[in-house]
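K.L.:
Curious how this folds, go ahead:
(2 chains)
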Amino acid sequence: MKGKLETNMAKLAFGDVDPQEALRLHGEAQSNPKAAQLLAEYEAMRKGLQALADVPDDQLSSDRLREAILREGLSPQPARNSGGWIWAPVAAACLGFVFLTLKPMQKAVPEVRIAKSDIPSLLPEAGPSLLTPTQSLAAMNTLPKKAAPVQAIAASNERPRHRIRRANLVEHKSTGDENPVLFDDYKPTGIRPQAASLGASSVAHPGGGMNSAPSPETDAAPATLVANAPIVMIDQEPDKATGAQRAVEVENSTNVVIGG
Amino acid sequence: MVESTVVRFGTSITGRMDLETDGALVRRARNGDYGAFELLFERHRLLVYRFAYQMTSSRDDAEDVVQEAFVRAYQNLHRYRDEAKFTTWILRIVTNLCTDRARSSQRRTALEQQEAAGALEWMTLGFPEDPVQNLEEDRRKVALRRALNALPQHHKSVIVLRDVEERDYPEIAAILGCTVGGAKLRVLRARRALRDRIAPLLGEESK
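P.N.:
The predicted model follows:
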């Protein structure tokens, strides 16, 4: 009660009440001695505080301020561009657009073109002697797990893919440098392989498998190479035990068909 | 207030800048126009000094506070929000500076010494008509000044802003960073605290 009375008298003394409320409080102060005392004290305090408003003259100057600013080595900070924030999402959108544009291009399957003359260099170094399965497997394991798929391409033919493959198997007679052969993931169709000289086209077959389609005839040199060099067929499915792609070594090229 | 405005206009640096608002001057100063900042200083120097003097009770300290406040303001012009009043912003800086000074234990001791010196200074002021009345007036002022200086900073600042400098409650709220209702409550509590300190003196005077 006393707190509320003191609050009201303080508000009245300092003019923080509306006229109607002031009139009511004045009436209360007249009827209540305690309220009257509080009102008198607060009114005296208000007058005293108003008298404190007088202050001595200052000696401030803009020169002193400039010296102080220069002494601090200050310079006004550049104003923030209110629209600068918009460039961040714009830049992010541009980067995202560039990334999305380039990503499909990266996904394109690179074509690995292997010339016939380069085929022997891809074989593990076995020389004239045949590699043992272990050596073949070890050599094969050094190859990337996922060999780049290769595609068989007709030199100058735009027929559908399956026709191209069969055409290569039947018609292709030379795998010289002028007609490089590409290899792809060829899956066996179950046809029994037939005797054929494979030449360089019989090597590096990531698709693995064999086909009974007749293999193309090759030149004398490649034929010699095929007859003497071991052929390692790399299966497409990895070995369950080791995770490496299976390598099947064949000695006779007659049952190996290369193609797309 | 109109007269002071006229006086400020009269002390302007350039005629063109006289009519510019504080916000426009701040933007100019932000872009490197030091003359605009100098004009801001000239416009509000006295207001800031008066408040600083009430808070420190010392002219030298008040001048230091004012200078430091404007240096900080110049350094942080980029943080000034255009929608706020420049006086509100600079007074808030002064409030924080005075609070930091008051927290220093060394300053407390010096303040007590200045209170004594201030009492002497106030004693020399007077009205020539009635020496006795002058003495009573001075004694009251001294007592009130001591009681005000003895208040905590958060009470002292609101008493000075409202009852000495007669700022309105919305501006006080903006300076303190609180609501208008909160500012009114803080002023009420500060007045009670001040009354408790000067009650004995007021009681003697009423007798």
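K.L.:
Three-state assignment for B:D82, please.
P.N.:
At B:D82 the chain is in coil, as set by DSSP: H, G, I helix; E, B strand; the rest coil.
K.L.:
What is the neighbour count of it?
P.N.:
Using other C-beta atoms under 10 Å in any protein chain shown, B:D82 is surrounded by 12 other residues. C-beta: built from backbone N, CA, C; applies to glycine.
K.L.:
Can you list the helices and strands that the helix or strand that contains B:R50 packs against?
P.N.:
Counting by DSSP states H and E, the element that carries B:R50 is helix B:34-56. Judged by 3 or more C-beta pairs under 8 Å, 6 or more residues apart in numbering or on different chains; DSSP states H and E, the packing partners of helix B:34-56 are helix A:62-72, helix B:2-10, helix B:15-18, helix B:22-30, helix B:59-75, helix B:86-103, helix B:153-159.
K.L.:
Would you mind getting the angle between the helix or strand where B:R145 lies and helix B:34-56?
P.N.:
Element membership of B:R145 [criterion: DSSP H and E] is helix B:131-150. Angle, helix B:131-150 to helix B:34-56, by axes from the mean of the first three to the mean of the last three C-alpha atoms, to 10 degrees: 100 degrees.
K.L.:
Helix or strand, whichever it is, which one in the chain has the lowest mean pLDDT?
P.N.:
In the absence of a named chain, chain A is used. Here the helix or strand of chain A ranked lowest by mean pLDDT, DSSP states H and E is strand A:181-182, holding a mean of 44.
K.L.:
Can you tell me the SS state at A:T242?
P.N.:
Per three-state DSSP, A:T242 ends up coil.
K.L.:
where are the low-confidence patches of the stretch 151-260 of chain A?
P.N.:
A:151-237, A:245-260 (pLDDT under 70).
K.L.:
Settle this for me: B:F86 is touching B:V26, isn't it.
P.N.:
Yes. With contact defined as C-beta atoms under 8 Å, B:F86 reaches B:V26; the gap is 6.3 Å.
K.L.:
okay, those two: which has more neighbours?
P.N.:
The residue with more neighbours, out of B:F86 and B:V26, is B:V26; 24 against 18, by other C-beta under 10 Å.
K.L.:
My guess is the more buried one contacts B:L77. True?
P.N.:
Yes. At 6.2 Å, B:V26 and B:L77 qualify as touching, with contact defined as C-beta under 8 Å.
K.L.:
intersection of neighbour lists for these two?
P.N.:
Common contacts of B:V26 and B:L77, defined by C-beta atoms under 8 Å, 6 or more residues apart in numbering or on different chains, comprise B:F37.
K.L.:
Pass me the low-pLDDT residue ranges in chain B, would you?
P.N.:
In chain B (pLDDT under 70), the answer is B:1-18, B:105-134, B:201-207.
K.L.:
Which part of it gets nearest to chain A, residue-wise?
P.N.:
B:H78 (3.9 Å; C-beta to the nearest C-beta).
K.L.:
Nearest to A:A29, out of the helices and strands packed on helix B:34-56?
P.N.:
helix B:153-159 (22.8 Å; C-beta to C-beta).
K.L.:
Send me that closest one as CSV with only the CA atoms.
P.N.:
Written as CSV, here are the backbone C-alpha positions of helix B:153-159 (Å, rounded to 0.1, in the frame of the first residue of the first chain):
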residue,chain,number,x,y,z
GLN,B,153,25.0,3.8,-12.8
HIS,B,154,21.8,2.2,-14.1
HIS,B,155,19.8,4.5,-11.7
LYS,B,156,21.9,7.5,-12.2
SER,B,157,21.7,7.4,-16.0
VAL,B,158,17.9,7.3,-16.0
ILE,B,159,17.6,10.1,-13.4
